[in-house]
Structures are given as structure tokens and as C-alpha cells.
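[1] Got a predicted structure plus its sequence, pasted below:
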Amino acid sequence: KSMPRSKNHGMLKDKKRKRRSIDEKNIYSNERIRTGTSNRRERGAARDRMPHMKFSDRLKEIQVQIEKRPHVTAFLRPVDRRIIPRYYEVISDPIDLSTIRDKNLRCEYRTADAFLDEFELMKNNAIKFNGPTHLLAKEATAIYDFVKDSIEANREEFNDLELAVSVSLSGPKKKKSRKSGGKKKSEKLSPITGNVASMVINGVSTAVPLGDINFDDDSD
């Protein structure tokens, strides 16, 4: 003989049946959730389309080639003050590839020539501290020449990117807000001072200023 089902078991089964029907309804009725610009992938794609990001990426391509050079190690990071403290006594405006890379990531370079100026500074610092015939001075000069040649060979491309960056960062001009309704501001009436006389004009009692007349003085 089969045992009678308990009341609790029946109630649990009913709850499961209702939950399943609700889930099925949600599957067919809910629309696809749109991630919009909050989605990380879409944000990245939009970011890559921005002119200043395109320009930054183009400059990065040049620097990646520089950092592959066999004798570039000395220029990758700032000179260690503990090892060569005299360097900062001689060089007042130090620069290195990591600093240039960080500035480029922040999109601080608006033109290719501004990017090139950093490598000219690095070359001049190497020559000033080590002398023009030193291996590091020659390497810094070769790096500068490489950057200069890379920019000049693609000058038209860089000009177009610079123009796009300039237009993008300047943005549309803000329109002056128009006053709604064309209503003029109500002018405040100055309070009546001095002596006044009460007159009835068209059935309306009106206070009329008489000026600062002294009625106490007797006229001759």
C-alpha cells in the first residue's frame, strides 16, 4: 500500500511549480539587457576611437621600437640619484623613456614635434654629462634621429592626427542662453521721500511727492 503524502510535501511541490512558471515567463518576457557605455569592452572601443588616443597610440608605436634597441638600457628609467648623485648637479632637466611613456599615456603630447623635443632633450643631456664621443651620447643621438626620421616619414599622417586632436579637445562652442519669454526685469521703484500730498485721481487715492519743501518757514 502506498503511504499518504503529507500536507507539507504537497505545499512544497506547489511552490516549486509556481516558481518554475515564473522563471519560464521571465525567460520569454524579459528584454535583452543593454550594457551601454558602462560595459568595459565597449568603453575601450569608444576610447580607441578618440583622436587623442589614436595619436597617443601612434607615438607609442615609435617608442616601442626605441625600447627594443640593444643599448637603450641606460635611458629606460631615471638615473639613480644614489648611484650617480652628481648627475642631478649637472643636469637640471632630466628625462627618460619611462617618463615619456607615462606622459604619452596621459595624452600630454598634442603634436609630434612636442614628442620629438623630449628626445632632443635626452640627447642633449647625454652629451652634456658624458661628452659627445661617449657611447651613451651616441646612442641618445641615434635615438633622436630615429624618432625624427619616423615623424618626417609620416608627417602628413601626424598632421591629420594633430588636427583631429585639436578639433576634438576644443569642442563645440557653447551657445549663449536666451532669456525665456523676453520679459524684462521689473524695475524697483525707489521709495517716496520728503513731503507727500494725498490726491484723488480718477477715484484712486494717490501719494504725490512734493520734494523736500519746508512748510514750517514763514515767507516774507
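    Great, that's in hand.
[2] just the strands in this protein please.
    195-201, 204-211 (DSSP state E).
[3] Now the last one: average pLDDT?
    Confidence over strand 204-211, taken as the mean pLDDT, stands at 58.
[4] Where does the prediction get shaky in this protein?
    Applying pLDDT under 70 to the chain flags residues 1-16, 18, 20-48, 171-220.
[5] 50 instead, please
    Scanning the chain for pLDDT under 50 picks out the ranges 1, 27-36, 182, 186-187, 189-190, 192, 215, 219.
[6] The closest residue to Ala142 other than its chain neighbours and Val79: what is the separation?
    Nearest residue to Ala142, sequence neighbours excluded (CB to CB, 6 or more residues apart in numbering): Arg69, at 7.9 Å. To be clear about C-beta, it is placed using only N, CA and C from the backbone, and glycine gets the same treatment. Separation of Arg69 from Val79 (CB to CB, to the nearest Å): 18 Å.
[7] Who has more neighbours out of these two?
    Higher neighbour count among Arg69 and Val79: Val79, with 18 against 13, using other CB atoms under 10 Å.
[8] Could you pull out the helices in the chain for me?
    Ranges of helices in the chain, per DSSP state H, are 7-29, 40-49, 51-66, 87-90, 97-105, 112-130, 135-153, 155-170.
[9] CSV for the ones you listed, including distance to Phe75 and mean neighbour count?
    Converted to CSV, these look like this (distance: least, CB to CB, whole Å; neighbours: other CB atoms under 10 Å):
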stretch, distance to Phe75, mean neighbour count
helix 7-29, 60, 9
helix 40-49, 28, 10
helix 51-66, 8, 17
helix 87-90, 13, 12
helix 97-105, 5, 16
helix 112-130, 6, 19
helix 135-153, 7, 17
helix 155-170, 23, 14
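[10] Could you dump these into JSON lines and include distance to Ala74?
    As requested, those are arranged in JSON lines below (distance: least, CB to CB, whole Å):
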{"stretch": "helix 7-29", "distance to Ala74": "63"}
{"stretch": "helix 40-49", "distance to Ala74": "33"}
{"stretch": "helix 51-66", "distance to Ala74": "13"}
{"stretch": "helix 87-90", "distance to Ala74": "11"}
{"stretch": "helix 97-105", "distance to Ala74": "10"}
{"stretch": "helix 112-130", "distance to Ala74": "8"}
{"stretch": "helix 135-153", "distance to Ala74": "6"}
{"stretch": "helix 155-170", "distance to Ala74": "28"}
